[in-house]
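Student: Here you go, sequence then predicted model.
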Amino acid sequence: MVCANEEAKEKQQQLEKIQQQILARQAVLDKTQSELNQVEKSVAKTDRKIGQTSRILKQTEDELQRVKAQLNELKKQKSELESTRDQQLDILSAQVKSAYHVGRNDYLKLLLNQDSPAKLERVISYYQYLNKARMQAIENLKVTLQALQKTEQLLNKNQLRLAELIKVEAEKQAQLVALKKQQQAQIKQLAAVIVSESQRIENLKQNENALTRALEALAEAIDNLPQQVEFNGLAEIKGRLLWPVKGRVQNIFGRQKSGQLKWKGVRIDADSGDVVNNVHAGQVIFSDWLKGYGLVIVVEHGDGYMSLYGHNQALLKDVGDMVHSGEPIALVGQSGGQSRPGLYFEIRHQGQPLDPTDWCN
């Protein structure tokens, strides 16, 4: 177990190192285009801020739902305990009244007036039963009152947490609105810098080449890293993968993108903030911003297969995380200078792009 943990830690550290090397290499390439580079740096900075804010907001909203569910359950428990308490008070009240009426007949006189041992035994048994029942009723009531007090304390604690979360949510939503306005301004600025078709094609080519080199570096690294978990790839489930997000598939794989460039993935129209789900079990091997693709997450599925998710608003997983099929890994956005929200999605095998429409159902 210790060995496996050490190997997993070593793999994560090496993946993080490779990710930093990819980002550093990208920064060197960017130096050749000063004006465009300055705008893209601003875009990257804003995209990352949006990603961090959105991730915190998503975590806050998830916790809000959990706290609200707990509050509802605690309110239900409180209601049930109050009902139990009222019933126990009624029982105890009846027993006290009964004891009072018997007591008025003078317990000692009742004992002395019995003319047979059998009657005497019945009177003693009755008094013992009354006393025992009353003591048990008091004990039951005590337990109920303690449980009720504990539930009320938890209720108060959760209500305070709920108020705190609502405040954080409002703050993060306001930050997100401001950052998105900033993002829109930078997208316009980016479009103003790339004015000609030739500039656009050259920029797209550089972005695509940078992505290809990044994925090649990741693939090479995976081959040389110790494997904590062996994944079986995607070959056996071809055509049965779920799409990572619901929406209309645009920019069909293989069609002309610009100039001689062709689409190596697909773009799925979706609303900003929609959840992006992992298509199959694997490990996150990249989770950061990439030129032209914005906030990107790459999942390795074993046997040379990878899936890539780009232009996200937020990345919910980090390098080294194991992810299940259908697990949320990102939120749809328009990072990387996109004019509208949507998800860029690729599947690759041994570095070669595959048509996602052949693999997803």
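Tutor: Thanks, I have the structure now.

Student: could you give the mean pLDDT of the helix ranked longest in the chain?
Tutor: Among all segments of the chain classified by DSSP state H, the helix with the greatest residue count is helix 117-193. Confidence over helix 117-193, taken as the mean pLDDT, stands at 84.

Student: Might you calculate how far whichever helix or strand comes after that helix sits from the centre of the chain?
Tutor: On the C-terminal side of helix 117-193, the closest following helix or strand by DSSP states H and E is helix 197-223. The chain centroid and the centroid of helix 197-223 are separated by 30 Å, computed with C-alpha atoms, centre = their mean, to the nearest Å.

Student: what does stretch 145-154 give?
Tutor: Here the centre of mass of C-alpha atoms in stretch 145-154, compared against the chain's by C-alpha atoms, centre = their mean, lies 31 Å away.

Student: So which bits of that stretch are buried?
Tutor: Neighbour-count burial for stretch 145-154, counted by 16 or more other C-beta atoms under 10 Å, picks out 147-148, 151, 154. To be clear about C-beta, it is placed using only N, CA and C from the backbone, and glycine gets the same treatment.

Student: thought Val298 was touching Val284?
Tutor: Yes - in this structure, Val298 is within contact of Val284 by C-beta atoms under 8 Å, at 7.2 Å.

Student: Which secondary structure elements does the helix or strand containing Asp47 sit against?
Tutor: Of the helices and strands defined by DSSP H and E, Asp47 is found in helix 34-104. In terms of contacts (3 or more C-beta pairs under 8 Å, 6 or more residues apart in numbering; DSSP states H and E), helix 34-104 is packed against helix 2-30, helix 117-193, strand 282-290, strand 294-302, strand 305-315, strand 328-332.

Student: could you redo the last one with a cut-off of 7 Å?
Tutor: The helices and strands touching helix 34-104, judged by 3 or more C-beta pairs under 7 Å, 6 or more residues apart in numbering; DSSP states H and E, are helix 117-193, strand 282-290, strand 294-302, strand 305-315.

Student: then the third one to PDB, C-alphas only?
Tutor: Right, the one you point to is strand 294-302. Once non-C-alpha atoms are left out, strand 294-302 reads as follows in PDB (Å, rounded to 0.1, in the frame of the first residue of the first chain):
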ATOM      1  CA  GLY A 294      -8.900  28.400 -22.800                       C
ATOM      2  CA  LEU A 295      -9.300  26.400 -19.600                       C
ATOM      3  CA  VAL A 296      -8.600  22.800 -20.700                       C
ATOM      4  CA  ILE A 297      -8.900  19.500 -18.900                       C
ATOM      5  CA  VAL A 298      -7.400  16.300 -20.400                       C
ATOM      6  CA  VAL A 299      -8.300  12.800 -19.200                       C
ATOM      7  CA  GLU A 300      -6.200   9.700 -19.900                       C
ATOM      8  CA  HIS A 301      -8.300   6.500 -20.300                       C
ATOM      9  CA  GLY A 302      -5.500   3.900 -20.900                       C
END
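
Student: Name every strand pairing with that strand and say which way it goes.
Tutor: Each strand that strand 294-302 pairs with, and the sense of that pairing, follows from DSSP bridges: strand 282-290 (antiparallel), strand 305-315 (antiparallel).

Student: who wins for proximity to Asp355 among these?
Tutor: Of all the strands paired with strand 294-302, strand 305-315 sits nearest to Asp355, with 13.1 Å by C-beta to C-beta.

Student: Give me the distance from that closest one to the chain's centre.
Tutor: Centroid separation between strand 305-315 and its chain, computed with C-alpha atoms, centre = their mean, is 15 Å.

Student: so that strand versus helix 34-104, what angle?
Tutor: Angle, strand 305-315 to helix 34-104, by axes from the mean of the first three to the mean of the last three C-alpha atoms, to 10 degrees: 70 degrees.

Student: mind saving the C-alpha coords of strand 305-315 as PDB?
Tutor: Extracted in PDB, the C-alpha atoms of strand 305-315 (Å, rounded to 0.1, in the frame of the first residue of the first chain):
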ATOM      1  CA  TYR A 305      -6.800   7.000 -25.400                       C
ATOM      2  CA  MET A 306      -7.400  10.600 -24.200                       C
ATOM      3  CA  SER A 307     -10.300  12.900 -24.100                       C
ATOM      4  CA  LEU A 308     -10.000  16.700 -24.100                       C
ATOM      5  CA  TYR A 309     -12.500  19.300 -23.000                       C
ATOM      6  CA  GLY A 310     -11.800  23.000 -23.900                       C
ATOM      7  CA  HIS A 311     -13.100  26.600 -23.500                       C
ATOM      8  CA  ASN A 312     -14.400  25.800 -20.000                       C
ATOM      9  CA  GLN A 313     -15.600  28.400 -17.500                       C
ATOM     10  CA  ALA A 314     -14.200  26.400 -14.600                       C
ATOM     11  CA  LEU A 315     -12.100  23.200 -14.100                       C
END
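
Student: This completes my enquiry, with thanks.
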